[in-house]
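Q: Quick one: sequence and predicted model below, then my questions.
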Amino acid sequence: MAPLPADPATDTGGDTPAGDPGVIGGLTLIDAATIADEPAPDTFYRHRVQLFPALREMWRRREIIFALAERDIRASYKQAALGMFWALISPVLQVILLTLIFSHVKSLKVPHVPYILYSFVGLLCWGFFSGSLQQGGNSMIANLLLLQKTHFPRECFPLSQMLEQSLYTAIGLLPLTILFVVNGFVPKAGVVWVPLFIVIEVLFTTGLTLMMSALVVYLRDLLQVTSIILQLGLFATPIIWPLSKLAKVSFGPFHHVDLRPYYSVFNPLGPVIDNIRRTALQGLSPDWPLLAVATISASLYFVIGYRLFKRLEVNFADIS
């Protein structure tokens, strides 16, 4: 004779005694009133950012950065009759306009240095920074479909825009060289320090670009805010004026206060431009104290920006 099926009201699966009111069919009943409204704080998902492994992975996949940059460069000038020549027009027109307006201001002139060279050097540095921030900040939104369908380090998108801007900056060296010849001006021996200053600018630009590209995914209005800030930043950065203007500032009860160290904390690009001019155009030695402040500040911008980007990237595809 086949065994009779177990009674659900009395079967406990052999684990609990029969007749226990809190157990039915081996399942334990829980009072809903004892369940918390929200999970405990330590159970929330937290994305841990490991900076050095992320940098190693990004470097291992660096060919993607070059591929994305090449794609965007080809797309930008594919239908343009003048092609890459457009990369020369913008900085040349800017420097001509600034020279015509500000070259006659005596307080902005630098002894023995043509003003057009003085301003062009600043514009090249500013062009790389502003172009990277504006284009890199929009890179995650512009590559939405690719972002959702592929898996590789997401920082490749904004970094590819920075690589593209570096090409445009290199192209801008051509008219700068022509201006050196036309003005009969030879760069000083201190030009050998310029690569060091460029590293500081790249650190600063990378940190802000990564930070902006991550925040724009969540706050699209930042694109418009960034455009306005960059327009104002052109005049707030020592491009048409020397950084020495901040060496002796008087306001209120304070007289002849040197604001350059404080300025360098918030804008490391200022000491970079100033020292390129000091060494390459004026033949002076680098201002090491200001460069030290700028280096520390740029490094902090880089670390904070990269960590913020990696912290927020887990939701890019969903929010976009």
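A: Good, I have the coordinates.
Q: ok, which stretches of the protein are strands?
A: In the chain, the strands defined using DSSP state E lie at 23-24, 27-28, 249-251, 254-257.
Q: Could you tell me the least trusted of these?
A: Sorting the strands of the chain by mean pLDDT places strand 23-24 lowest, at a mean of 60.
Q: Can you tell me how far the closest residue to S299 other than its chain neighbours is from Y306?
A: Leaving out its chain neighbours, the residue that sits closest to S299 by CB to CB, 6 or more residues apart in numbering is L203, at 6.0 Å. In short, each C-beta sits where N, CA and C put it, glycine included. L203 sits 10 Å away from Y306 when distances are taken as CB to CB, to the nearest Å.
Q: show me the contacts for the closest residue to I239 other than its chain neighbours.
A: Nearest non-adjacent residue to I239, counting by CB to CB, 6+ apart: G122, 3.6 Å away. By CB atoms under 8 Å, 6 or more residues apart in numbering, the contact set of G122 is T237, P238, I239, I240, I273, R277.
Q: Switch those residues over to JSON lines; also include pLDDT and neighbour count.
A: Compiled in JSON lines, these are given as follows (pLDDT from 0 to 100; neighbours: other CB atoms under 10 Å):
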{"residue": "T237", "pLDDT": "92", "neighbour count": "22"}
{"residue": "P238", "pLDDT": "91", "neighbour count": "24"}
{"residue": "I239", "pLDDT": "89", "neighbour count": "26"}
{"residue": "I240", "pLDDT": "86", "neighbour count": "19"}
{"residue": "I273", "pLDDT": "95", "neighbour count": "24"}
{"residue": "R277", "pLDDT": "93", "neighbour count": "22"}
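Q: Just give the nearest non-adjacent residue to F102, would you?
A: Using CB to CB, 6+ apart, the nearest residue to F102 is I240, at 5.0 Å.
Q: residues contacting L210?
A: Neighbour list for L210: G136, E155, P158, G305, Y306, L308, F309 [criterion: CB under 8 Å, 6+ apart].
Q: try 10 Å
A: 136-137, 154-155, 157-159, 162, 301-302, 304-310, 313 (CB atoms under 10 Å, 6 or more residues apart in numbering).
Q: if I look at P289, how far off is V95?
A: Remark: distance between P289 and V95 (CB to CB) = 30 Å.
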